[in-house]
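Q: sharing a sequence plus its predicted fold:
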Amino acid sequence: MSTAVNIIVGSHVWVEDTAQAWVDGQVTKIKGKEAEIQTADGKTVVANLSKIYPKDMEAPAGGVDDMTKLSYLHEPGVLQNLRTRYELNEIYTYTGNILIAINPFQKLPHLYDTHMMQQYKGAPFGELSPHVFAIADTSYRAMINEGKSNSILVSGESGAGKTETTKMLMRFLAYLGGRKATEGRTVEQQVLESNPVLEAFGNAKTVRNNNSSRFGKFVEIQFDKHGRISGAAIRTYLLERSRVCQVNDPERNYHCFYLLCAAPPEEIEKYKLGSPQSFHYLNQSKCFELVGVNDGSEYLATRRAMDIVGISKKEQEAIFRVTAAILHLGNIAFTKGKEVDSSVLKDDKAKFHLKMAAELLMCDPVGLQDALCKRVMITPEEVIKRPLDPLSASFSRDGLAKTIYCRLFDWLVNKINVSIGQDATSKCLIGVLDIYGFESFKNNSFEQFCINFTNEKLQQHFNQHVFKAEQEEYKKEAINWSYIEFVDNQDVLDLLEKKPGGIIALLDEACMFPKSTHETFSNKLYQTFKNHKRFIKPKLSRTDFTIAHYAGEVQYQSDQFLDKNKDYVVPEHQDLLSVSKCSFVAGLFPPVAEESSKSSKFSSIGSRFKVPFISNGCKNPG
Ligand SMILES: Nc1ncnc2c1ncn2[C@@H]1O[C@H](COP(=O)(O)OP(=O)(O)OP(=O)(O)O)[C@@H](O)[C@H]1O
């Protein structure tokens, strides 16, 4: 966004600073396109006139509660306003009808108590200080008055406070539309109470956040015609699969594994567990404990939460038995066998863990070993078992662990939904989308690609509904308004999702051809998009590709794109576990239809991301 203002000698301005992002100062000299600035911290800097921004000297000392009231709407002005307010413990600020929340990293109970809820209930938007309750109240009123469903989007980078904000939104919606708890527990209580279960299995410590949600979530609250909550559903997206088998220091795997290792002694004995340090899936990182968290008490709390959401004791036993089996699976190490390119269990320790994994999954140990170390080949003449080398066997083991874990997570989400109950007759709902923000790391794989694709879609929705619609409104009313420039990202979306010819379509195509590799896939991208201005082939790589997203360039490593796009279960794993003696485990691997088990058929994760979030069940997303 640019603001055309004359900058002259004496002007108060903002200038970029490597340490503080922006510092203020006064222009002392102008020579051509360069200005010399005396900064408030006593330095003299020279900057291009196009890179300095006017400072509003008349801005109120406490900042403004709505960014649209700022005289200059530029980055340093916006940041300064947020900072001023944050220093006064005002964590919320509006930009029109959008709420910006800054993470306070401390409990602010007075902000969310019943008194606050009473105040915000029914208060016209903008009358009270900016607050997350005001957003929930507005969407609820709009739903009641216009009979239209609404969605609230909570976005931000990891650790920004999305999940906390979502919980506050839910709490307030429950306050507005909740029933008196006369007949047992209410829907809204159940939704909130399901959080600890989802968090135990879907959250982990990352570098940024000790309790980071590793999945996206859309909570749908259904209302009856009187505006009372009548049902709810939770939909989850893209659980981070890789974390189950691979953890970087100083992060942790999913909380549930550590909770289980801290369970009461009889459970440790039953599942033959040890300290987290003794499991390969946990000890790749040196971080085992979280400051201020007692995993033993968390285990008991998770069990209680499971009771509350209607997961029976028998099911709980199966859930933790499967969780323990995954830990044992991870400790099955392989070494070279006698035959060429074959593998056998490395030592007695590996044998013990194989026996334990099989016992806990209630499947045949020889069958499990075969499923990990061999592949069945069907030729026109015969069915043969081809051995796998130790590396391929450990990939097979990790694949199995990830599949079991993801299915377990989906089972939990489904169970919670069944237990909460949905209202099939509901006409209106409010959806709260708690979704990962734009990601750009040193290494970016298929997960980042899907996350950034999602954010491109949300950005387009935002452009259309906020910028374009607002400007149409001003035009209609002939209000003199300086147009905000925004970059239309339709070209990035075409690059990603166009059918045929977009990156996802080409990826799906590559996944269908058995001979495709990430090299052939990357080459296809380079050829197809060599003149696309949003696609860049990095000079120093032969398989990476860069996309110029709305929020910046991201370089993706394509090496695992094909594998990760295939929601594919190795038939040997499927066959083994679908006949487990434990009905819970067998239920995680229901029989697959003949048609879809053919190797050329697979379900594309990328394509599934193209389906709008607010699909099935949401009648009229606002
Ligand atoms: N409104 C708030 N009041 C108090 N503390 C907060 C608030 N919002 C966030 N926090 C603190 O910040 C931490 C991180 O917030 P949260 O887990 O909601 O982030 P997130 O955006 O959902 O992150 P991720 O994408 O990694 O899941 C919380 O555990 C909490 O300690």
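A: Nice, I can see it.
Q: quick one, helices of the stretch 451-600 of the chain?
A: 469-476, 490-497, 503-512, 518-528, 561-565, 571-578, 583-588, 594-597 (DSSP state H, counting those that start in this stretch).
Q: do you know how far N455 is from W411?
A: 28 Å (CB to CB, to the nearest Å). For the C-beta atoms, the positions are set from N, CA and C on the backbone; glycine is no exception.
Q: okay, now the nearest residue to T517 once chain neighbours are set aside: neighbour count?
A: Using CB to CB, 6 or more residues apart in numbering and skipping residues adjacent in sequence, the residue nearest T517 is L562, 7.5 Å away. As a burial measure, L562 scores 19 neighbours (other CB atoms under 10 Å).
Q: for L562, give me the pLDDT.
A: What the model reports for L562 is a pLDDT of 92.
Q: kindly report the same for V154.
A: pLDDT for V154: 95.
Q: so T236 makes contact with G216?
A: Yes. The criterion here is CB atoms under 8 Å, and T236 meets it with G216 at 6.7 Å.
Q: domain ranges for this structure?
A: 67-242+421-436, 329-406+571-590, 446-566+603-610 (automatic domain parsing).
Q: check the secondary structure at I435 for me.
A: What DSSP: H, G, I helix; E, B strand; the rest coil gives for I435 is strand.
Q: was I right about it contacting E157?
A: No. Assessed by CB under 8 Å, I435 is found out of contact with E157, at 11.4 Å.
Q: which one of the two is surrounded by more residues?
A: Neighbours per residue (other CB under 10 Å) separate I435 from E157, with I435 holding more: 22 against 13.
Q: beta partners of that one?
A: Taking DSSP bridges as the rule, I435 bridges to S155.
Q: check what pLDDT it gets.
A: Looking at I435, the pLDDT reads 87.
Q: what residues are up against it?
A: 153-155, 162, 216-218, 237, 454-455, 458, 613 (CB atoms under 8 Å, 6 or more residues apart in numbering).
Q: with distance to W14 and neighbour count added, can I get those in a markdown table?
A: Shown next, in a markdown table, are these (distance: CB to CB, whole Å; neighbours: other CB atoms under 10 Å):
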| residue | distance to W14 | neighbour count |
| --- | --- | --- |
| L153 | 30 | 16 |
| V154 | 29 | 23 |
| S155 | 26 | 18 |
| K162 | 29 | 26 |
| G216 | 35 | 20 |
| K217 | 37 | 22 |
| F218 | 38 | 20 |
| Y237 | 39 | 17 |
| T454 | 33 | 22 |
| N455 | 27 | 21 |
| L458 | 29 | 18 |
| F613 | 37 | 20 |
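Q: just those that are near the ligand?
A: K162 (CB under 6 Å from any ligand atom).
Q: now, which of the contacts of I435 lie within strands?
A: Among these, the members found in strands (DSSP state E) are 153-155, 216-218, 237.
Q: what's the closest of those residues to K29?
A: S155 (42.4 Å; CB to CB).
Q: count of neighbours near the residue of the stretch 501-622 of the chain found nearest the ligand?
A: Relative to the ligand, the nearest point of the stretch 501-622 of the chain is A551 (15.7 Å; CB to the nearest ligand atom). As a burial measure, A551 scores 15 neighbours (other CB under 10 Å).
Q: likewise F561?
A: So F561, with other CB under 10 Å, has 24 neighbours.
Q: what's the end-to-end length of stretch 237-245?
A: 19 Å (CA to CA, to the nearest Å).
Q: flag every buried residue along it.
A: In terms of neighbour count (16 or more other CB atoms under 10 Å), stretch 237-245 has its buried residues at 237-241, 243-245.
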